[in-house]
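Participant: Sequence and predicted model, in that order:
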Amino acid sequence: MHCTDTAAAADALATLVSFRTVSSRARGGTDEAEFEAFLAALPGLFPGVYAAMDVERVNGRALLFRWAGVPRTSSPTDNTAPATTGTAGGLAGPAVLMAHYDVVPAGDEAAWTHPPFSGHNDGTHLWGRGTLDDKGQLAVILSAAEALLAEGFAPARDVYFSFGDNEETAGDSAAAAAALLAERGVRPALVLDEGGAVAGGAFPGVNRPAAVVGVAEKGILDVELLTRDPGGHASTPPRMGATARLARAITRIENHPFPQHLPDVTAEMLRRFGPHAPLPLRLAFAHVERLRTPLTWLFGRLGGETNAMTRTTVAITTLRGSAGANVLAATAAANANIRVAVGETVAGTVERLRRIIRDPKVELRVVEGNEPSPVSATHGPAWELLTECIGMAYPEAIVTPYIMMGGTDSRRFTGICDAVYRFAPFAMDRADRASIHAVDEKISLKALGRGVRFYETLLRKL
């Protein structure tokens, strides 16, 4: 990778950030013109990609690129051959590299150090909504492909780029892309989407950065809690009206968290951290199977991130009651956003919620629910290829699997691929991770350059 590749990726990303491709479920909340302008800008930014690949729209505004593979018949010194031989030879099928270009709202734009849709480059960081989530990933994928095409390179197998337009609203574009590939008989050997990253300070006591690769993701479930009452004037409140009943249900949920367990993936993560942890933790992680119960208890008390690794979590996110200050609520409602642990189910989660609330007058309605994803293997050609490429871009990082707390478009591909992974090749410290979906989202130019290198390496090995 050359400095020019980093500069080109930064310039492209700055342009892409300038488009307000904000996803919204609200009617009229999405500016169609901004999405179309984004799509219209891509051929000019990546002319080699558009000249060499088949590009089609899916589900309206999503994109699917096909880079046709060329079977290797030339010598390894030819620039169309892989730069190195490696584990990709064990893959039997094409690869799908994913990203999404829709973003969440910027919030109070005046609170940003640099305007959220400016793509401001201060020489160290590039600022703006979507730089980390997830236009940055899209930019480095296309920048890597553009650079390789300029060399005359072609992959040994078909490679698809699937770029979604409604990931932030859990939309259906990725599902449509997966269905289209399935209809054409395409069964990928590898799918790679956003998710984990090269995280600094991610785990207590481990000083080296951790390249965390999501091998599964929790299920996402929204449940509406609804209570009813005759309503009336607030001067004569009844006992246990709609709002009080709802508040009691919420308090019971808060006081009765779902049971803990330590998934096998998390145990494997601890084993990999072990040699790099201070002595007491090193010993504990080396014997994680024997110490599973106390480690699970400890995780539940170290903080929100580690607690979420051990159980199904419930967060009350919205509340609705009376429309007037002096009017009793005839109905009161809350949304429970639930992340269903791997190994559990949506139906079982709703049933447990009923038992926790212990009130038949609190109605539960599933608004939307997705089961936890299958768990991809932490061995075999696809995993080994990823870890090798990560090691070349970030030799200082500990590569480890983990279970994602959030959801990605990649879950839509688990029906056609057994090796679905979630990893963004960007170094992110705590402040970087906290800026995702918040104020002052930005990416370092160094991380952007390493991201291009990662994808160049991966594409060469494919």
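Facilitator: Sure, I can see it.
Participant: Setting the sequence-adjacent residues aside, check what's closest to the most centrally placed residue in the chain.
Facilitator: In the chain, the centroid-proximal residue (C-alpha atoms, centre = their mean) is residue 195; its distance is 3.5 Å. Among residues not flanking residue 195 along the chain, residue 422 sits closest, at 2.3 Å (C-beta to C-beta, 6 or more residues apart in numbering). C-betas here are computed from N, CA, C, even on glycine.
Participant: Quick check, pLDDT for that neighbour.
Facilitator: With respect to pLDDT, residue 422 scores 98.
Participant: for residue 74, same thing?
Facilitator: 50.
Participant: tell me which element the residue nearest to residue 195 is part of?
Facilitator: Residue 422 is located in strand 420-428, with elements delineated by DSSP states H and E.
Participant: so how far is that strand from its chain's centroid?
Facilitator: 8 Å (C-alpha atoms, centre = their mean, to the nearest Å).
Participant: and what of stretch 29-37?
Facilitator: With C-alpha atoms, centre = their mean, you get 23 Å for stretch 29-37.
Participant: So what touches that stretch?
Facilitator: 19-24, 61, 102, 165 (C-beta atoms under 8 Å, 6 or more residues apart in numbering).
Participant: Point out the least confident one among those residues.
Facilitator: Lowest pLDDT among these: residue 24, 88.
Participant: wait, what's in contact with that residue?
Facilitator: Residues near residue 24 by C-beta under 8 Å, 6+ apart: 30, 105, 169.
Participant: Separate out the buried members of the residues you listed.
Facilitator: With burial judged by 16 or more other C-beta atoms under 10 Å, the buried subset of the contacts of residue 24 is 30, 169.
Participant: quick one: stretch 6-20 to chain centroid distance?
Facilitator: Its chain's C-alpha centre and that of stretch 6-20 lie 21 Å apart, by C-alpha atoms, centre = their mean.
Participant: In it, which residues are buried?
Facilitator: Along stretch 6-20, these residues count as buried under the neighbour rule (16+ other C-beta under 10 Å): 6, 8-20.
Participant: rewinding a little: am I right that the residue nearest to the centre of the chain sits in a strand?
Facilitator: Yes: applying DSSP: H, G, I helix; E, B strand; the rest coil, one finds residue 195 inside a strand.
Participant: okay but it is in contact with residue 216, surely?
Facilitator: No: using C-beta atoms under 8 Å, residue 195 is not in contact with residue 216, being 10.1 Å away.
Participant: Check the contact lists of those two and give me the overlap.
Facilitator: In contact with both residue 195 and residue 216: residue 404, using C-beta under 8 Å, 6+ apart.
Participant: residue ranges for the helices of the stretch 251-400 of the chain, please.
Facilitator: Taking DSSP state H, counting those that start in this stretch as the test, the helices found in the stretch 251-400 of the chain are 264-273, 279-286, 292-302, 304-308, 346-357, 381-393.
Participant: any low-confidence regions in the stretch 51-200 of the chain?
Facilitator: By pLDDT under 70, the weakly predicted segments of the stretch 51-200 of the chain are 73-89.
Participant: Can you get me a residue count around residue 147?
Facilitator: Neighbour count for residue 147, taken as other C-beta atoms under 10 Å: 22.
Participant: which residue sits closest to it in space, ignoring its chain neighbours?
Facilitator: residue 5 (5.1 Å).
Participant: Could you verify that that neighbour is part of a helix?
Facilitator: Yes: counting by three-state DSSP, residue 5 is found in a helix.
Participant: For residue 393, give me its contacts.
Facilitator: By C-beta under 8 Å, 6+ apart, residue 393 lies in contact with 425, 450-451, 453-454, 457.
Participant: Narrow these to those in strands?
Facilitator: Among these, DSSP state E puts residue 425 in strands.
Participant: From the contacts of residue 393, pick the one nearest residue 313.
Facilitator: Closest approach to residue 313 among the contacts of residue 393 (C-beta to C-beta): residue 425, at 27.5 Å.
Participant: Spatially nearest residue to the closest one (excluding sequence neighbours)?
Facilitator: Once flanking residues are discounted, residue 425 sits nearest to residue 454: 3.7 Å by C-beta to C-beta, 6+ apart.
Participant: ok, that neighbour to residue 429 distance?
Facilitator: Distance of residue 454 to residue 429, computed by C-beta to C-beta, to the nearest Å: 18 Å.
Participant: neighbour count winner among these two?
Facilitator: Between residue 454 and residue 429, counted using other C-beta under 10 Å, the more crowded position is residue 454 (26 against 14).
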